[in-house]
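> Here is a sequence with its predicted model. Questions after.
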Amino acid sequence: MKVESQLKERSGTSCELCGNNNGLSVFPVEPSDGTADKCILICENCSSQINNPGTEDTNHWRCLNESMWSEIPAVKVMAWRMLTRLRSHGWSQDLLDMMFMDDETLAWAQSGKDDGAVTDDKIVHIDSNGSVLQNGDTVVLIKDLDVKGATFTAKRGTSVRNINLVWDNAGQIEGRVNGQQIVILTKYVKKAG
Ligand SMILES: [Zn+2]
């Protein structure tokens, strides 16, 4: 049976991310071997937004609230990648925090490039000392920072664990301070350790 027919059967002929059925096509979840296990069926709308970073309609992607619980690893992987892309919105970070994936699926999600990730101009995040920052790093604030929209000051010396790089802005990272997800400028942090 062709992959497309297998996917149609698996999904009930609807987009495995948002449930729509316009312009369905097979989308390989990289690194993909082209089998149904490594592909998902998605609609025109999802596919165009996945392939054109920056055009994401955040309301549309609320659909991930459901598809992230799919029992199909390929669907979870794609949901994780899109939530990661949209993580600057509080709701998607919250969903990511709730999401459960076994080690194998998580490794798949993190490997292979998200087709929407910036690949042409690779963005590198550098701290105040010139060290390269990665997702998951711990950083220390090197000055007191007023947090926009919050009522507290993030104090110099505060450790921020498990940072996320803002994918389209080399000057910004995100992390939790006082239980709140905030954007921090890379020039005001140094990598811990
Ligand atoms: Zn869709």
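Alright, I've got the coordinates. Numbering: from 1, shown residues only.

> Kindly report the residues of this protein close to the ion.
Proximity of the chain to the ion is confined to 15, 17, 18, 20, 43, 46 under the rule Cβ under 5 Å from the ion. C-betas here are computed from N, CA, C, even on glycine.

> Which secondary structure element is home to the last one?
The one in question is residue 46. According to DSSP states H and E, residue 46 maps onto helix 44-51.

> One more: the first one?
Remark: residue 15 resides in no helix or strand, with elements defined by DSSP H and E.

> what about the residue lying closest to it once chain neighbours are set aside, distance to residue 138?
What sits nearest to residue 15 in space, not counting adjacent residues and going by Cβ to Cβ, 6 or more residues apart in numbering, is residue 43, at 3.7 Å. Separation of residue 43 from residue 138 (Cβ to Cβ, to the nearest Å) stands at 39 Å.

> what about residue 104, neighbour count?
Residues near residue 104, counting by other Cβ atoms under 10 Å, number 9.

> what bits of this structure have low per-residue confidence?
Low-confidence segments of the chain (pLDDT under 70): 112-122.

> Show me it divided up by domain.
Using automatic domain parsing, the domains assigned to the chain come out as 3-110, 139-191.

> Out of these, flag the one nearest residue 129.
Smallest distance to residue 129 across those (Cβ to Cβ): 5.3 Å, for domain 139-191.

> Just the terminal-to-terminal distance for the closest one.
Taking Cα to Cα, to the nearest Å, domain 139-191 runs 4 Å from one end to the other.

> Kindly report the same for stretch 43-61.
Stretch 43-61 stretches 13 Å from its first residue to its last (Cα to Cα).

> Determine how far it lies from the middle of the whole chain.
Between the centre of stretch 43-61 and the centre of its chain there are 13 Å (Cα atoms, centre = their mean, to the nearest Å).

> which residues touch that stretch?
If you take Cβ atoms under 8 Å, 6 or more residues apart in numbering as the criterion, stretch 43-61 is touched by 14-15, 17-18, 20-25, 27, 42, 78, 82-83, 85-86, 89, 92, 115-118, 168.
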